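*Asks:* predicted model, plus sequence, below.
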Amino acid sequence: MIKKYSFLLLFAGFFLLLSCQEKTAYRALLITGQSNHNWQGSAPILKTILDQTKLFTTDIAQTPKEKGDMSTFEPNFSKYNIVVMDYNGDSWSEKTKAAFLEFVKNGGGVVIYHEADNSFADWKEYNEIIGLGGWNKRSEKDGPMVYYKKNELVVDTTAGPGGTHGPQHEYVVRARKADHPILKGLPVQWMHGKDELYSKLRGPAKNMEILATAYADTAYRGTARDEPMLMTLTYGKGRIFHTAMGHVGKDATHPATECVGFIVTLQRGAEWAACGNVTQPIPLDFPNAAGAVYRPEYKEITLDEDFDKILTYSIDKSTKYYTDLQARIRKVSANPAALLELEKKMVDILKNSAATAEGKKLILRELAWMGSDYCVPAVQELLKNPELQEAAAYTLERMKGPRKI
Ligand code: ZN
């Protein structure tokens, strides 16, 4: 009898394990192949951003080229949890359009990325899915403009073209639904990387929530309104996450998509579209309103990387790891136990004979304001080092009465 039960338990455990794995592995289909943007650049970027969450496996589906035979484009949507739209081009076949709508109505998730809200101006249901769109002759016939003005939501039916933007610049994104799972735990405002600021978007805006806006400053030919940047919608049983940000053009770098705010909201929005919830932790490098934070390789820098790079730092090298360490210190500045953990690693660098003098100087500069009694012996030791004695003396002077541990 016991044997039989343990066999059953083992059996049940096996299936539980299988179903848990299934729950955390979403399949994403990224559709691209035509765009007025650099889709050859943006598609691999979006795949990298999604797959690094370890929640998604992303396949890229490429449509035929402009004016190509669209009847050959028949992706099997049913294999996927979400469809990511990085497409602005020719109409799909009626069969593929119907299959896409079936997918969304039955609970498939959708991510609308930047110029995908320019696409399919004449496809009524697509415009219901994106909520708001621009360009391609959109006007008042396609729906109102929706934005915030003086903290009030405005649905503006004034006639005029849909979609505009001024020159690219960094701008503050402001949460309007801070309790939504996609935004929960993020700062209420953060500086977004250099990007276009889509404005005057128009559409049916049904079943739509504006999660975050950005003020379109007239200094950048803006509308003087808070324009919608992040939106969620529902269509049938499907959930849609729409980000108007993330321009990728022909330039060598793509600051809009390297922005941590863009990366993290895309990752969280995609998870929400897939399952209605967000399980990802907030990364340490998420920006606040003081300045944009970029991840040039799309990956979060780890603390170990920071210390590895500071160990071999010389003045001709990038300071981004030092800046990252500074951000980590600032984030935990009210938590003495977490500060001490960082301080211990910093002292290890001071004691490490392989570390460069420049690297040690960076550490000393930080210890000057956040060091505790713990670091004092190691800093005093450096007074004997001709190259570092000045920096060490400065740190000890500034540390007068350091934090007790
Ligand atoms: Zn763009």
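*Replies:* The structure has been received and is ready for your questions.
*Asks:* at the geometric centre of the protein, which residue sits there?
*Replies:* I263 (1.9 Å; C-alpha atoms, centre = their mean).
*Asks:* could you check how far the closest residue to L201 other than its chain neighbours is from Y294?
*Replies:* Closest residue to L201 apart from its sequence neighbours, by C-beta to C-beta, 6 or more residues apart in numbering: L132 at 3.8 Å. In this view, the C-beta of every residue, glycine as well, is placed from N, C-alpha and C. Taken as C-beta to C-beta, to the nearest Å, the spacing of L132 relative to Y294 amounts to 27 Å.
*Asks:* could you do V172 as well?
*Replies:* Taking C-beta to C-beta as the measure, V172 falls 16 Å from Y294.
*Asks:* which residues touch L382?
*Replies:* 350, 360, 364, 388-389, 391-392 (C-beta atoms under 8 Å, 6 or more residues apart in numbering).
*Asks:* and what of L383?
*Replies:* 389, 392-393, 396.
*Asks:* buried subset of these?
*Replies:* Those of the contacts of L383 that meet the buried threshold are 392, 396, by 16 or more other C-beta atoms under 10 Å.
*Asks:* with the contacts of L383 in mind, which one is nearest to V104?
*Replies:* Within the contacts of L383, proximity to V104 (C-beta to C-beta) peaks at A392, which comes in at 62.6 Å.
*Asks:* what about the closest residue to N36 other than its chain neighbours, distance to the ion?
*Replies:* Leaving aside its sequence neighbours, N36 sits nearest to N88 (C-beta to C-beta, 6+ apart; 5.7 Å). Between N88 and the ion the distance, using C-beta to the ion, to the nearest Å, works out to 9 Å.
*Asks:* tell me which element N88 is part of?
*Replies:* Secondary structure assigned from DSSP states H and E places N88 in neither a helix nor a strand.
*Asks:* same deal with V379?
*Replies:* Secondary structure here is read from DSSP H and E; on that basis V379 sits in helix 376-381.
*Asks:* can you show me the CA trace of that helix as PDB?
*Replies:* In PDB, the C-alpha atoms belonging to helix 376-381 read as follows (Å, rounded to 0.1, in the frame of the first residue of the first chain):
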ATOM      1  CA  VAL A 376      39.300  52.400   8.300                       C
ATOM      2  CA  PRO A 377      42.300  49.900   8.800                       C
ATOM      3  CA  ALA A 378      42.500  49.200   5.100                       C
ATOM      4  CA  VAL A 379      42.300  52.900   4.200                       C
ATOM      5  CA  GLN A 380      45.000  53.700   6.800                       C
ATOM      6  CA  GLU A 381      47.200  51.100   5.300                       C
END
